[in-house]
Structures are given as structure tokens and as C-alpha cells.
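Peer 1: Whatever this is, show me its structure:
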Amino acid sequence: MWLLAAMAFVVAPHAFRLPEWVGVFFALVVAWRAWIAWRAARNPPRWLVLALTVGAVAATFFAWGRIVGRDAGTTLLVLMTAMKLLEMKTSREVVLAIHLGFVLVMTNFLFSQSIPLGIYMLACVWLFVATLVGYHRGVGRTPTVKERLVPAGLLLVQAVPLMLVFFILFPRVQGPLWALPQDARAGISGLSDSMTPGNISQLIQSEATAFRAQFEGEIPPYHLLYWRGPVLWNFDGRTWKVPDFNITGSLSYSRAENPVKYVLTVEPHGKHWLFSLDVPATLPPFSGIRQDLQIRSVRPVDVRVRYEMTSYLEYRYGEKLPAVFRALALSFDERRNPRTIALGRRWAAESANSTEVLNRALRLFNSQFTYTLEPPMLTSEHPYDEFLFDVKRGFCEHYAGSFALLMRAAGIPARVVTGYQGGEVNPLSRELLVRQADAHAWVEVWLEDRGWVRIDPTSVVAPNRIDSGINAALGPIGVIPALIAADRLGVLANLRFAWDALNSQWNQWVLGYNVERQRQFLASLGLEIADWKKLAIWLTAATLAVGGLVGLGLVLRDLPVRRDPAVVAWERFCAKLARAGLARAPHEGPVDFLARIEAQRPAVAAEARAIVERYVQARYGEGISRPESRDLLARVRRFRPA
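Peer 2: Numbering: from 1, shown residues only. Prediction:
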């Protein structure tokens, strides 16, 4: 029953990740096995177990299209563990099932490595160790809960030093824990390489963390926190997309002032782009930069990435625009959104310069449009015509997309930049936490003698969005922000900040303990370890040292404890009398025993009285000195009761 309960605990989290029928099948098999154990019934026939096993493998294949990979492999392991529980009969099979439970513990970390799951899995390991302890102690009687849990807890505590040694010194490897391409991007959400009206507003409702930023010095003003991501050039009339070209750019700017240094910890998003404040002054390791200043990682960001960055907040670049990029930044489909195109061309004809066209577009947005998280669906073939002339309610992607199209129609090169804007400062850790809810889109236009200039049309429709964040512009979005806003004492906000700070440390020092961080940490301890061979030597030495200390502790624990000389003398005194036919009764105290000695052995009464009085003084009185202890032992050695 302990084993079945432990199995139910460790499989429970998978019930929310795997298909529902997996959890139902496992629960039914566990209940069946519990009934067999309770009623001492026979196990099911072998042909039935074999049939269920074949069915489980087939069901896994039909559910996932394969039987390998994170999801399919975990499903198959859960089902096969259930079948092992159903057929186990011998002691060997019971122990094997317990060890399968430890493997199931590890499978949970393939899906999440959060602090709550870590604590839950530690409790599951405790249960499995307690099951193993109880199984080996359960000969003749059933061990109590205390007899299972206490030794199991002590074993786990004793394992902590060795666990720390392996965590710190074991050679780290690059890449995700489960590096199968089918599962590498499972469950990852974030910005896309395309933008259509409505897709960023859907992302805004997510409270998931996009990345964290730690600044060296003061955090820049909120309205300057534009975190650059994918840059969209291609436009088909509805969707803006990242182009296929990958022309390398440079970090040379005609003006580069107000540098800021910071460290970013980016959560996995499955794409190649990395984020930075406009404009980047340095590049992270194993990355490159495109001509449009989009930073691209060599590998997809399938694991948490931490890198140092420097950016210039005041800059000028791109005064010379090559013809191929000019053509791309002016292209649009003449057959789509004709009213928007006509408006842009009319402004160009009526305006003296590009700046006047920009101002007319911004005045239009400022006077007639509304910022909303739930704009109407744009279902026509001309979505930006519908938005500009009919709906007039939208989110940042509506304003950025329509503004860029107006500029292109007016002959001004333009492109859409997506990323994040702002963030929330944690007062406990001084980190800037940027969530998916901070996703944003803005426009860059190319102006003669000024190069690429950032224009954010959302800033004229909803200035609070740029100055204070999405919640300031639209009110609390989601359950958690609403509860925090309703809490006037600020308790929930402080709890959230504390949890975020704890998560940040967990991510940096546990989940983010990669090759580079391991090298830095060991260097801070004075250990310059350059390769895995030296790490292996240090790991072996540390393991032997910890094992030696534990072994020494066990040896010292089993050594005989130095006993009180008075007790030793008393036991020898009683043993001599017992051999002479005068044994002390278990309930008989020293004084009562002396009275019986005096009555039955008057010849040794005086000597016995001296010994008993000295013992009573040592054990129940003020105690005796070391010379008096030696004298007591000598009196006992000379004592002859016969």
C-alpha cells in the first residue's frame, strides 16, 4: 500500500500534462492492485497482463505518433510502471518497482524545474525511501509510520553533502535536459516572427516571464525601455513578417551616447532572436547581428540564456540606406487596403517634408482612436482600411501596422519592430522583470540625414502605456494583477516580489548553473579548473572525502561510550553478590539492597555499607571526586561476599 501511494503521488503531476486516459488507466490499475493486496487475491493471468501491455504501447503510439521523446516516452513509462505494479509477485519485483518510482521522479523535471515541483518531488523521494526502509524492516510485523519516515528522512539528510559535491563539481553540459527536437519547443510561447492584428493583444494576457534584467547602476526611465526583438519588413496586406535575408550588420553608429550595462536572463522561447535595449553596443557570446540590429543566437533559445549587454540609449544610425533595403521598406500590395494607401499618398502630396507626414499621422491617431485590449476582429480583405476608417479601436499592433503602411504609401521607408516595452522593478532584488504582458510593437522610419528613427504611434493614443505600463493604460489584466491592485496594504504585491526574487536566485544558481557559471564559481573559490578531467579529479577527491567523513562518523557512533565509574563499580558489586546467591531484585534500590545484605551477610555488612554509601553519594548525592571513584572501584575489587 505504501508503494502504491508513493506511485500515485509521483504520477499525479503527469495527469495534467499527459492525455486524460493515461491518468484514468493508471488510477484503475493502482486501485486494482490495491484490491488484490487488501483481499490477498490472485494476480491477473499472464495473458491479460500481456494484452494490456500491448494495448498500452499501441495507445501511446496512436496518441503521439511515436513511442520516443519526452511526452511519448513519459506516457509509455507511466503505463509500463502500472503494468509492473499489476504483475509484481517476488521481492525482486517489488524493489524494481520502487526504483521505477525514482525514475518517474526524474521524468517530472523534464516538464518543469520550478521550486514547488522540486519540493513536491523531494517529498516523493522521501516516500519511496520510506517504502524501501519499511519493506526491509517488515519481517514478522508491519513497521509504523514513524519507523518508516524517520530513518528515510535521516538517510536523505545524510545524502545532502554528497548531493552538493556532485552539483557543484560534476561537469556541466550544454543544451537542454531532454534534447530531442520533437520536444525542444513544447509549451514555449512568446513573440512570433510575424504580426497580424490581434496576435500581440492575445500575448498581453499572459503573466509568464519573458526575461529578467539586472542593471549596473540606476534603471533607465520607463519610456526608454524598448527591448528590441524581431524586425518585420515583409507585408502582404494583413501580416508583417521577418524577411528571409540574413545580411550581417555592425555595431558602428554615427552617434552613440548614454551607455547602460545590464545582464539579461531570457526564458526559452524556441526562436533564434535575443533581446537588447535599443541600440546594442555589444553582442552576447555565440550570436550575430543583422543589418536591422536584430540579434540572432546561433542556436534556438530552447533553454534559459543569461548574457551581459551594453546598449546606447541615445544614438543615430543608418543615414545611408542601400537601394535593396529602401525597396523592401517601401513595398506593399497595391490591391489591399486602398483607402489607407490613398490617404498616405494624399498626405505626401500635401506635405512639405516627411516630418509633416509623420505629424499628420500622429495627430490622426491622437484625436480619433482608442486604445483597447479587445478590439473588434478585422475580417475584411482590407484590415487596415477597416481599422483606420471604421473601427478606430485597437492595440499596439494595429497602430504600428497601419502607421508603417501609411508611411510606405507616403514614400517614407518604414518597418515594424516587435519586442517588449517597460517592465516591473522588483524592489527586493532590484531586477527588472519583463513579462509577456509587456509585449509591444512600434515603427522605425527612415528619414533623410537622420537615418532610422523610432516612432511609437501607441504613445500618442495611450501615453500611460509607454510611461507606466500596460496595467496603467488598461487597468489590471488577469486575476493576479487584479488581486494585487485590490490589496491596499500591499501584502500580495510584497509576496509576489519575494517570490520573484526567490525564483530569480533559483534560476541563476540552480537551473542556470551551466558551464560558465560553474567555472566562475569555482574560480571564486580559488579553483582554476579548465576542463572536465580536472573536474573529475576534484569530484573524485571530494566524494572520497565526504565518504570518509561519513564513515568516520559511523565508526565513532558505534564506539563504546565511556561509562560512569560509579555505575561500573555498582554493576560489578551486584554481580559478585549474585554469584554468591544474593541477587538484587529489579525493583530493589541500593538502600533496600544494603538492608538485605546486612541481614543475610552480616560478615561483610560494614564493607558493603561503605560501597553502597559511596555509590549513593555518586549517583544521587553531590557526586564524588576522581580519587573517590578510584577508591570505590578498588573497594569493589577487594570485596568478597562469601
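
Peer 1: list the buried ones in stretch 228-238?
Peer 2: For stretch 228-238, the buried set under the neighbour-count rule, 16 or more other Cβ atoms under 10 Å, comprises 228, 229, 230, 231, 232, 233, 235, 237, 238. From N, CA and C alone the C-beta is placed, and that goes for glycine too.

Peer 1: I'd like to know which of those residues is nearest to residue 456.
Peer 2: residue 228 (12.7 Å; Cβ to Cβ).

Peer 1: The closest one: what secondary structure?
Peer 2: What DSSP: H, G, I helix; E, B strand; the rest coil gives for residue 228 is strand.

Peer 1: Distance check, residue 363 against residue 348.
Peer 2: Distance of residue 363 to residue 348, computed by Cβ to Cβ, to the nearest Å: 16 Å.

Peer 1: more neighbours, those two?
Peer 2: residue 348 (19 against 11; other Cβ atoms under 10 Å).

Peer 1: does the more buried one sit in a helix, a strand or a coil?
Peer 2: helix.

Peer 1: And the pLDDT at it?
Peer 2: With respect to pLDDT, residue 348 has a value of 95.

Peer 1: same deal with residue 81?
Peer 2: Per-residue confidence (pLDDT) for residue 81: 93.

Peer 1: which residues in the stretch 401-550 of the chain form helices?
Peer 2: For the stretch 401-550 of the chain, the helices defined by DSSP state H, counting those that start in this stretch cover 458-461, 463-468, 470-474, 479-486, 491-506, 515-524, 532-558.

Peer 1: Point out the most buried one among those helices.
Peer 2: Comparing these by mean neighbour count (mean count of other Cβ atoms under 10 Å), helix 458-461 ranks first with a mean of 22.

Peer 1: Give me the helices and strands touching that one, please.
Peer 2: Packing partners of helix 458-461 (3 or more Cβ pairs under 8 Å, 6 or more residues apart in numbering; DSSP states H and E): helix 354-368, strand 370-371, helix 396-409, helix 463-468.

Peer 1: Let's see that with 6 Å instead.
Peer 2: helix 354-368 (3 or more Cβ pairs under 6 Å, 6 or more residues apart in numbering; DSSP states H and E).

Peer 1: Low-confidence regions, the protein specifically.
Peer 2: By pLDDT under 70, the low-scoring segments of the chain are 138-141, 173-189, 201, 470-489, 529-531, 558-561.

Peer 1: Break it down into its domains, please.
Peer 2: In terms of domains, the chain is parsed into 2-137, 194-483, 565-638 (source: automatic domain parsing).

Peer 1: Tell me which of these lies nearest to residue 542.
Peer 2: domain 2-137 (22.5 Å).

Peer 1: Using CSV, lay out the domains of the chain together with distance to residue 503.
Peer 2: Shown next, in CSV, are the domains of the chain (distance: least, Cβ to Cβ, whole Å):
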stretch, distance to residue 503
domain 2-137, 7
domain 194-483, 8
domain 565-638, 57
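
Peer 1: To residue 151, which of the ones you listed lies closest?
Peer 2: The minimum distance between residue 151 and the domains of the chain falls on domain 2-137, with 5.0 Å, by Cβ to Cβ.

Peer 1: Could you pull up the residues touching residue 310?
Peer 2: Contacts for residue 310 (Cβ atoms under 6 Å, 6 or more residues apart in numbering) come out as 259, 261, 281, 282.

Peer 1: Just the buried residues from those residues, in PyMOL please.
Peer 2: Typed into PyMOL, the line below selects the buried ones among the contacts of residue 310, using 16+ other Cβ under 10 Å:
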select buried, resi 281
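
Peer 1: Relative to residue 330, which of the contacts of residue 310 is nearest.
Peer 2: residue 281 (29.5 Å).

Peer 1: Contacts only, for residue 49.
Peer 2: Taking Cβ under 6 Å, 6+ apart, one finds residue 87 in contact with residue 49.

Peer 1: close enough to count as contact, residue 330 and residue 410?
Peer 2: No. Look at residue 330 against residue 410 with Cβ atoms under 6 Å: they stay out of range, at 9.7 Å.

Peer 1: Same drill for the two, tell me which one is more crowded.
Peer 2: More crowded of residue 330 and residue 410, by other Cβ under 10 Å: residue 410, with 25 against 16.

Peer 1: For residue 278, give its distance to residue 9.
Peer 2: 49 Å.

Peer 1: now could you export just the CA positions of the helix or strand where residue 98 lies as CSV?
Peer 2: Element membership for residue 98 (DSSP states H and E) is helix 91-108. Backbone C-alpha positions of helix 91-108 (Å, rounded to 0.1, in the frame of the first residue of the first chain) are rendered in CSV as follows:
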residue,chain,number,x,y,z
SER,A,91,10.7,-9.4,-3.6
ARG,A,92,12.9,-8.6,-6.6
GLU,A,93,9.9,-7.2,-8.5
VAL,A,94,8.9,-5.0,-5.5
VAL,A,95,12.4,-3.5,-5.2
LEU,A,96,12.4,-3.0,-9.0
ALA,A,97,9.0,-1.2,-8.8
ILE,A,98,10.4,1.1,-6.1
HIS,A,99,13.4,2.0,-8.3
LEU,A,100,11.0,2.7,-11.2
GLY,A,101,9.4,5.3,-8.8
PHE,A,102,12.7,7.1,-8.6
VAL,A,103,12.9,7.2,-12.4
LEU,A,104,9.4,8.7,-12.5
VAL,A,105,10.6,11.4,-10.2
MET,A,106,13.1,12.4,-12.8
THR,A,107,10.6,12.5,-15.6
ASN,A,108,8.7,15.3,-13.8
